[in-house]
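Peer 1: sequence first, predicted model second:
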Amino acid sequence: MMGAEFVPLSLTPLLIGICVAVACALPGNFLVLRRQALIGDAISHVVLPGIVVAFLLTGVVATWPMLLGAAGAAIIAVAAIEAIRRLGKIEPGAAMGVVFTTMFAGGVLLLEQSDTSSVHLDVEHALFGNLESLIWLDATGWASLLDPVALAGLPVELPRMAAALLAVAVFIALFWRPLKISTFDEGFAQTMGMRTQPLGLALVIVSAIAAVAAFDAVGSIIVIAMFICPPAAARLMTNRLEHQVAWSVLFAALAAIFGYVIAGYGPLWLGYTSSVSAAGMIATVSGVILAVTAIFGPHRHRGGAAKEA
Amino acid sequence: MIVDALSLQLGYNATLVTLGAMLLGMAAGVGGTFLFLRKRALVSDAISHATLPGVAIAFMLMVAFGGDGRNLVGLLAGAAASAAIGLLCVSWLSTRTRLAEDAAIGAVLSVFFGMGIVGLTVIQTMKSGQQAGLEGFLLGSTAGMLRSDALIIAVSAALTLALVMLLRRPLTLASFDPEYATASGQNVARTDLAMMGIVLAVTVVGLKIVGLILIVALLIIPPVTARFWTERTDHVVLISGFLGGVSAYVGAALSAALPDLPTGPIIVLVGFAIFLVSLLLAPQRGVLAAVLRHRKFQRRVHLRQGLLALAQGQPIYENLTLRLLRRAGWALPDGVPTEEGRGRAGKALLDEMRWQLIRRDPSFEAAAAHYDGLTPIERVLTPDQITEIDSRIPAPQGVGA
C-alpha cells in the first residue's frame, strides 16, 4: 500500500482526515468537560440550510459563500437557541433539539425543492461527505511533494483544513489558562476577573469554525464523532487536562488513520473489490477506541484517583 | 389537492400513512412529554441514530438467508435491536464511567451512525443492494409505499399509542416527582426503562415516516409547545399528544399532496410553526403576554415614582412618567399636578412613609417583606394596624420663621 499510487490516491484524504479529526478533537476536550458535547451535533445539523441558501444565492458550489452561509446559519442557531431558552424558559437541551431539527428540516426541504441535481450537493453528501474523492491527481509519487507544479494541484480542502486546524490550535494555546480555569471553576474564573461568557462564546465559535471547515470536506458524521469520542476516551485515561488534550489528539489521529486504511483497504484484504465509507469507518474506529478506554482506562470511574491495580 | 389530502381523499395507501403518522405523532407527543419532564429529551437522538446499523445488518442478514432484504418487519426488528443496544451503551457509559450523559449520547449517536453508514456502503456494493432504498430511512419517505408496509406502520403506531396510554399514570408520577414516586413504592428505574421502551417504539415505527435524523423533533417539539399552554402535567401530556398528532397529520397529508415534499421535514416544520405561534401568543408564558405584563409593571412604577416626586415638589424630567401622569389626568403637560393628582400624590407619600416605618419595625417583619415600592399598604395591614402606624408618623416639626 506504500506504492506509487499511495501518494495521489490516499495521502491527501489521509492528511485531511487527520486534520479534521484533530481540529475537532481539540475544542471537543473543553466541550466535553463543560457538558456541551452535543454542540458539535447541533452545529453540524444547522449548517445544512446555510450551505443550501448560499448555493441558491450564488448558484455555484464554491468555498467562501458556503463557509459564510454555514457560519451565518450557526450564528442564527445560537441566537435562536438562546432566544427560545430565555423567552420560553425552556431547558437548553430541549431548546437545542427544537432549533437544530427545525433548521435541518428546513435545509432538507430547500434542497429537495431546488434544482441541485447538476451539482454535487445532496443530503447524503452532507451527512457522510466524500473523503475518498479528495484525491491529488497531479501527484505521481513521493517526489511530487517537492514538485511545485504538482503541489499547485493539491485538493483545496487540504490547505483549508490545515488552516482551520492551525486557527483552533492557536486559539487554544493563547487562551489555555482562562479556558482551563473557566472550564473547571467558572465562579473562580469570574472572581479572578475573567470574562467567562465571551470566552464560552468564543469556544463555541471556534468549534463552529472547525466544524464548518470539516463539514464541507468530510460530512457531518466525522465532525460529531471527533468532537466527542477522542476527548471522551482521553478523559478516561488521565486526570490532567494537558495529558487529556495530548491523548485526544493521539486518539483522533489514530481513528483517522486506521479508519481510513480499514475502509479503503480492509475489504480488499478480505477479497472484496470495493471499499466502504471512510467517514463511517473513522467514526466507528473512534467508537472502538472509546469502548476500549471505557473498559480498561485507568481513570474510567467517577471521582478521585485511579484505582490501584 | 391539499384539501383532498387533508380530508383523506388521496387513495387508500396515502390515507393509511396519514392516519398512521397521526397516531405516531400522538404517541410521540405523549411519550416525549415524559422525556421532556425528565430532562432527557436528547437521549432520543442517540436512540434514533442507533437504529441505522440494525437496519443495515437486518437487510444483509435477510439477503444472506435468501429472503427479500426490504421486508419492513425484519428491518424494523433490526432497528429496534440496535437501538436497544445503543440505549444500553448510553446508560452504561453515563452510569459506569465518569462521562456525562451528553457525552455518552453524542458518542453513541455518532459511532452507531458511522457504523450504519459503513453498512449502507457495503449494501450498495451488493447485487441486491442497488435498489434497497435504505436511504429512505434517513429522512423518511412515504411516497410509493407498499400497502402492506403502510398497514404495518398504521397498526404499530396504534399499538404504540395504546402502550403509552396504558403506562400513562406511572410515567406521569415518575416524571413529575421521582422522589415521591419512589417513596410511594414505585420502581422508578423500571418506569424509566418503560419510558425508554416507548421512545424506542416511537423511533422504530417513525423510521419510515419521519426518518431517523428528524424523529427526535417529534418527541421534543410537541411537549415544549404544550408547556406554553398550561402549568399542569396531565394537561401537558394531553395537549402535547394532540399537537403531535396534528403536526404529523398535516405534514403527512401535505407531503402526499404536493410533489418534492419529503414527509419528515414537512412534519417537523409544521410542528415548529405551531411552536412559534405558541411561543409568541400563549397566555401567561407567551412572549406577547410577557411584554404586556412588563409594560403594565413599568407603568405602575413610573406612575408611583411620578406621584412621589409630585408630592415632594420635585421636578419630573422623565418623559414617560410625565406622559403617563398626564394621561391619567394627574398632571398638566408642564409637570404641575392637577387637583386629583395632588390628592393621589399625598396618598402615595403617606403610603411610602407608612412603609418606611413598618420596615424599620421588627414586629412587622412579615408584612414588610411584601415591600416592592408598588403594593398599597392596605393590602398587607389591617385598618387598626395602619392607625397604629400613623400614630408614629412624626408631627410637623416647628415651622421656621
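Peer 2: Nice, I can see it. Residues are numbered from 1 along each chain as shown, chains lettered A, B, ... in the order given.
Peer 1: what ranges do the strands span in chain B?
Peer 2: Counting by DSSP state E, one finds no strands in chain B.
Peer 1: how far away is residue B:19 from chain A?
Peer 2: Counting by CB to the nearest CB, to the nearest Å, the gap from residue B:19 to chain A is 22 Å. Backbone N, C-alpha and C define where each C-beta goes, glycine included.
Peer 1: count of residues packed around that residue?
Peer 2: Neighbours of residue B:19 under the rule other CB atoms under 10 Å in any protein chain shown: 19.
Peer 1: need the per-residue pLDDT for the residue nearest to it when sequence neighbours are not counted.
Peer 2: Residue nearest to residue B:19 in three dimensions, not counting chain neighbours: residue B:154, with 5.7 Å by CB to CB, 6 or more residues apart in numbering or on different chains. Residue B:154 is assigned a predicted lDDT (pLDDT) of 83.
Peer 1: ok, the residue of the stretch 301-401 of chain B found nearest chain A - how many residues close by?
Peer 2: The nearest approach of the stretch 301-401 of chain B to chain A comes at residue B:372, 21.5 Å away (CB to the nearest CB). Per other CB under 10 Å, the neighbour tally for residue B:372 reads 9.
Peer 1: ok, now residue B:379?
Peer 2: 8.
Peer 1: relative to residue B:56, how far out is it?
Peer 2: From residue B:379 across to residue B:56, the span is 68 Å (CB to CB, to the nearest Å).
Peer 1: one step back: list the contacts of the residue nearest to residue B:19.
Peer 2: Shown in contact with residue B:154 (CB atoms under 8 Å, 6 or more residues apart in numbering or on different chains): B:16, B:17, B:19, B:20, B:23.
Peer 1: please flag which of the residues you listed sit within helices.
Peer 2: Judged by DSSP state H, the contacts of residue B:154 include B:16, B:17, B:19, B:20, B:23 as members of helices.
Peer 1: so the second one is in contact with residue B:150, correct?
Peer 2: In other words, residue B:17. Yes: Residue B:17 is within contact range of residue B:150, at 5.1 Å (criterion: CB atoms under 8 Å).
Peer 1: the more surrounded of the two?
Peer 2: Each of residue B:17 and residue B:150 has its neighbours counted (other CB under 10 Å); residue B:17 has more, 28 against 23.
Peer 1: and for the more buried one, nearest residue in space, chain neighbours not counted?
Peer 2: Here the residue nearest residue B:17, using CB to CB, 6+ apart, is residue B:142, at 4.7 Å.
Peer 1: does residue A:265 really touch residue A:275, like I thought?
Peer 2: Yes: using CB under 8 Å, residue A:265 makes contact with residue A:275 at a distance of 7.5 Å.
Peer 1: residue 112: what's it in contact with?
Peer 2: Going with chain A. B:260, B:261, B:262, B:265.
Peer 1: hm, I was asking about chain B
Peer 2: Contact analysis of residue B:112 by CB under 8 Å, 6+ apart lists A:287, B:46, B:49, B:50, B:52, B:53, B:82, B:86.
Peer 1: and the helix or strand containing residue A:250, what's buried?
Peer 2: For residue A:250, the host element (DSSP states H and E) is helix A:241-269. For helix A:241-269, the buried set under the neighbour-count rule, 16 or more other CB atoms under 10 Å in any protein chain shown, comprises A:241, A:244-245, A:247-264, A:266-267.
Peer 1: same for chain B: which of these are within range?
Peer 2: residue A:263 (CB under 8 Å from any CB of the partner chain).
Peer 1: shaky segments in the stretch 51-200 of chain A?
Peer 2: Confidence mapping of the stretch 51-200 of chain A against pLDDT under 70 gives the ranges A:115-123.
Peer 1: quick check: residues of it near chain B?
Peer 2: Counting by CB under 8 Å from any CB, the stretch 51-200 of chain A comes close to chain B at A:84, A:87-91, A:93-98, A:101-102, A:104-106, A:108-109, A:112-113, A:123-124, A:127-128.
Peer 1: in helices only, show me those.
Peer 2: Going by DSSP H, the helices hold A:84, A:87-88, A:93-98, A:101-102, A:104-106, A:108-109, A:112-113, A:123-124, A:127-128 from those.
Peer 1: write a ChimeraX command that selects only the buried members of these.
Peer 2: The ChimeraX selection below is limited to those of those classed as buried (16+ other CB under 10 Å):
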select /A:84,87,88,93,94,95,96,97,98,101,102,104,105,106,108,109,112,123,127,128
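Peer 1: returning to what we had before: any chance of TSV for the ones in helices among the contacts of residue B:154, columns pLDDT?
Peer 2: Formatted as TSV, the ones in helices among the contacts of residue B:154 follow (pLDDT from 0 to 100):
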residue	pLDDT
B:16	82
B:17	83
B:19	86
B:20	86
B:23	89
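Peer 1: so which of those comes closest to chain A?
Peer 2: residue B:17 (18.1 Å).
Peer 1: list the contacts of the closest one.
Peer 2: Residue B:17 neighbours (CB under 8 Å, 6+ apart): B:142, B:145, B:150, B:153, B:154, B:209, B:252, B:256.
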